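Engineer: Fold the following, please.
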Amino acid sequence: MPPPPYRGEMSDTVSPRLLRPAPTAAELRADVWLAGALMLAAILSAALGSIAGIYGDETPGMEWSLLYGVALTAPLAVRRRFPEAVAVAGALAGFVAMGFQIPELYVGNIVLFIGMYTVGAWVNDRRRAALVRIGIIVGMFTWLLVTTFQSATADTEDGLSRAGLFSPFLAFMLMQFLVNAAFFGGAYYMGERAYASALASEALRQRTLELEREREVTAAQAVALDRVRIARELHDVVAHHVSAMGVQAGAARSVMERDPDAARAALAAIEGEARSALDELHHLLETLRTPAGDSPDASTVRLSGLADLVEHASDSGMPTTLTIVGEEVELPDTVQVNIYGVTQEALTNARRHGGPDAAADVRVRFTADDLELEIANEGRVTPAIRPGLGIVGMRERAAASGGTIEVGPRARGGFLVRMRVPVPSRVTA
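Structural biologist: Numbers count the residues shown, from 1 in each chain. Below you'll find the model as predicted:
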């Protein structure tokens, strides 16, 4: 689980949506080890500085050096939790050490650099981070100016010569200013770069998670669409043939005793419907197994197959006619398959719900802008409709073709299905 964002106060320049994450447990343990190592280094450096006589004989006792080493380095153990307080504490410890001439010069500079860097690298409130670091820099350079003035006006012959326009004393002071400018400037710059790098890494991590979520959603949507498509195709195939078998079975049962030949013919029709259903199911399975999504003979289910569909409906006991009006236009395969599917489902519903006297009329009308498919049947009056899988499938096919569909009962009995789909523009030679 990724660490939570750093809970610092937000500034106007920091987006609330992207913050540097809080330090991990490993980073916090590393801070404790760093504080312990620098504490030992500070005590050793103070002891060696005392032996070397950095400030002569005017240095305090070793117990003060020990206290200074602990006060200087102990806050580093929580530098990522409280970066501003640790930086200010390190700067104050440095002021105290120089003011009381603690014989330690090197670890104090390291701690001050780390404190400045940590503020720049870990504080999400960039305005506060800048103010803290600028305050430390101003304080250090103010102290440097004061000590330089005191040294320049002190009445003593010791130390570097002050004679000449560019005296050794002035050269030494300029060197001190330049070194401190590079020291604080480097700490400031490196902190800014570390924070920018951390934000870039966090943005990349969040973008990676977002892309992973989008990939999962896309995969889930693809699976859902495939399931809907398979369910629609299975419903069209099975319902069409099963309804025809039901009609033929009823006819065979009613004439079995008085007209055995007609009953045998009806049973033979049922057998043929069953074989056709198995063939279409086999065809559908081949289509689903083909990587391209279409089996080699997928073109058999096209607009030209409406005549066979209408003939099959008439053979199943429901008189059906087909009328094509207008100049035919070549349509995309997907649109042709959907038109065929809507017609098949509408005729199946008419045969199932229209009653024994049901009859249907299929009209295909080509206009300049669209194709209109109308399936109207006559039969018993349907007071209300309960949308089932068939009607849902027809609506999905119309939407997939970029068209619209109207489905509903007629007042004088029967049902009406009207679908309109846009057609490609005709090209005049």
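Engineer: all helices of the stretch 251-400 of the chain, in order?
Structural biologist: Per DSSP state H, counting those that start in this stretch, the stretch 251-400 of the chain carries helices over the ranges 260-289, 306-315, 333-353, 389-400.
Engineer: Could you dump the ones you listed into CSV with mean pLDDT added?
Structural biologist: Below are those laid out as CSV (pLDDT from 0 to 100):
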stretch, mean pLDDT
helix 260-289, 73
helix 306-315, 84
helix 333-353, 81
helix 389-400, 79
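Engineer: and those, which is most packed in?
Structural biologist: helix 333-353 (a mean of 23; mean count of other Cβ atoms under 10 Å). Any C-beta I mention is one placed from the backbone N, CA and C, and that applies to glycine too.
Engineer: And that helix, what does it pack against?
Structural biologist: When contacts are defined as 3 or more Cβ pairs under 8 Å, 6 or more residues apart in numbering; DSSP states H and E, helix 333-353 packs onto helix 168-255, helix 306-315, strand 359-366, strand 370-378, helix 389-400, strand 415-422.
Engineer: Mind putting the ones you listed into JSON lines with distance to Asp333?
Structural biologist: Output for the helices and strands packed on helix 333-353, formatted as JSON lines (distance: least, Cβ to Cβ, whole Å):
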{"stretch": "helix 168-255", "distance to Asp333": "15"}
{"stretch": "helix 306-315", "distance to Asp333": "15"}
{"stretch": "strand 359-366", "distance to Asp333": "17"}
{"stretch": "strand 370-378", "distance to Asp333": "14"}
{"stretch": "helix 389-400", "distance to Asp333": "12"}
{"stretch": "strand 415-422", "distance to Asp333": "13"}
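Engineer: In space, not sequence, find me the middle residue of the chain.
Structural biologist: Glu210 (2.7 Å; Cα atoms, centre = their mean).
Engineer: How is the chain partitioned into domains?
Structural biologist: By the assignment in automatic domain parsing, the chain contains the domains 25-155, 302-429.
Engineer: Let me have the ones you listed in CSV, extended by distance to Ser276.
Structural biologist: Below are these laid out as CSV (distance: least, Cβ to Cβ, whole Å):
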stretch, distance to Ser276
domain 25-155, 69
domain 302-429, 8
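Engineer: Which among those is found nearest to Ala277?
Structural biologist: Nearest of these to Ala277, taken as Cβ to Cβ: domain 302-429 at 12.0 Å.
Engineer: and the domains of the chain, which one's lowest on average pLDDT?
Structural biologist: Lowest mean pLDDT within the domains of the chain: domain 302-429, at a mean of 80.
Engineer: Take the helices of the stretch 251-400 of the chain and lay them out in a markdown table including distance to Glu27.
Structural biologist: Converted to a markdown table, those look like this (distance: least, Cβ to Cβ, whole Å):
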| stretch | distance to Glu27 |
| --- | --- |
| helix 260-289 | 53 |
| helix 306-315 | 71 |
| helix 333-353 | 57 |
| helix 389-400 | 54 |
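Engineer: Of all these, which one comes closest to Ile375?
Structural biologist: helix 333-353 (3.9 Å).
Engineer: can I have that closest one written out in CSV, keeping just the CAs?
Structural biologist: Provided in CSV are the C-alpha atoms of helix 333-353 (Å, rounded to 0.1, in the frame of the first residue of the first chain):
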residue,chain,number,x,y,z
ASP,A,333,-21.8,-5.9,-43.1
THR,A,334,-22.6,-5.0,-39.5
VAL,A,335,-25.7,-3.1,-40.5
GLN,A,336,-26.9,-5.9,-42.7
VAL,A,337,-26.5,-8.4,-39.9
ASN,A,338,-28.4,-6.2,-37.5
ILE,A,339,-31.3,-5.6,-40.0
TYR,A,340,-31.5,-9.4,-40.5
GLY,A,341,-31.5,-9.9,-36.7
VAL,A,342,-34.2,-7.4,-36.1
THR,A,343,-36.4,-8.9,-38.8
GLN,A,344,-35.9,-12.4,-37.4
GLU,A,345,-36.8,-11.4,-33.9
ALA,A,346,-39.8,-9.4,-35.0
LEU,A,347,-41.2,-12.3,-37.0
THR,A,348,-40.5,-14.7,-34.1
ASN,A,349,-42.5,-12.5,-31.7
ALA,A,350,-45.3,-12.2,-34.2
ARG,A,351,-45.5,-16.0,-34.6
ARG,A,352,-45.3,-16.5,-30.8
HIS,A,353,-47.8,-13.8,-29.7
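Engineer: angle of that helix against helix 168-255?
Structural biologist: Using axes from the mean of the first three to the mean of the last three Cα atoms, to 10 degrees, the inter-axis angle of helix 333-353 relative to helix 168-255 is 40 degrees.
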